[in-house]
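Q: Sequence and predicted model, in that order:
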Amino acid sequence: MKLMVIGDYETVLGFRLVGVQGAMAGGREEALEALQRVLATPDVGVVLMTETLAKSVRDEFEARLYGHGFPLLLEVPDALGPAPDRLSVEDVVRKAIGMSL
């Protein structure tokens with residue numbers, strides 16, 4: 001099972017240095033194309049996407065995140081650091097299962 005990352009040049013390059021394959025995207029359309037390509041790869045178990053790109057494809061990202069169990073989609077900070085409006089793990093779980101921990 002593979003881990004893959006979708007993000008900006010610096011983020012993808014950093015993950016490649018530790019052996020994680022990825023797809024670079026510079027905006028909404030490229031992010032959607034990369035997400036579809038990665039999701040079509042059968043042996044991918046975890047997909048990391050930078051918060052900035054995930055925000056640009058929020059509807060599609062959340063439909064996949066909350067509608068399917070596999071592969072697991074996670075948001076990671078990009079080279080600029082975490083987004084100020086970032087959801088906590090508790091908020092994500094509450095949204096996914098409808099109850100708080």
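A: Looks like it arrived, so ask away. The model shown is predicted, which means the values in this text are computed figures rather than measured ones.
Q: contacts and neighbour counts: CA atoms only from here.
A: Noted.
Q: pLDDT weak spots in this structure?
A: Where the chain drops to pLDDT under 70, the residues are 65-69, 81-84, 86-93, 95-101.
Q: quick one: the helices in this protein?
A: With helices called from DSSP state H, the chain shows them at 9-17, 28-39, 51-56, 58-67, 89-97.
Q: Quick one: list the elements packing against the first one.
A: Based on contacts counted as 3 or more Cα pairs under 8 Å, 6 or more residues apart in numbering; DSSP states H and E, the elements that helix 9-17 packs against are strand 2-7, strand 21-24.
Q: most neighbours per residue, which of those?
A: strand 2-7 (a mean of 23; mean count of other Cα atoms under 10 Å).
Q: how much does it deviate in direction from helix 9-17?
A: Computed by axes from the mean of the first three to the mean of the last three Cα atoms, to 10 degrees, the angle separating strand 2-7 from helix 9-17 equals 160 degrees.
Q: okay but Leu32 is in contact with Ser56, surely?
A: No - assessed by Cα atoms under 8 Å, Leu32 is found out of contact with Ser56, at 9.1 Å.
Q: Who has more neighbours out of those two?
A: Comparing Leu32 with Ser56 by neighbour count (other Cα atoms under 10 Å), the higher total belongs to Leu32, at 19 against 15.
Q: how close does the more buried one get to Val18?
A: 25 Å (Cα to Cα, to the nearest Å).
Q: related to what we said a few turns ago, for the helices of the chain, which one ends up most surrounded?
A: helix 51-56 (a mean of 20).
Q: by contact count, what packs against that helix?
A: So helix 51-56, by 3+ Cα pairs under 8 Å, 6+ apart, packs with helix 28-39, strand 72-76.
Q: CA-only coordinates of it, as CSV, when you get a sec.
A: Taking C-alpha atoms only, helix 51-56 is exported to CSV below (Å, rounded to 0.1, in the frame of the first residue of the first chain):
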residue,chain,number,x,y,z
GLU,A,51,-4.2,22.5,2.9
THR,A,52,-4.1,25.2,0.2
LEU,A,53,-5.0,22.8,-2.6
ALA,A,54,-7.5,20.9,-0.5
LYS,A,55,-9.2,24.3,0.2
SER,A,56,-9.4,24.9,-3.6
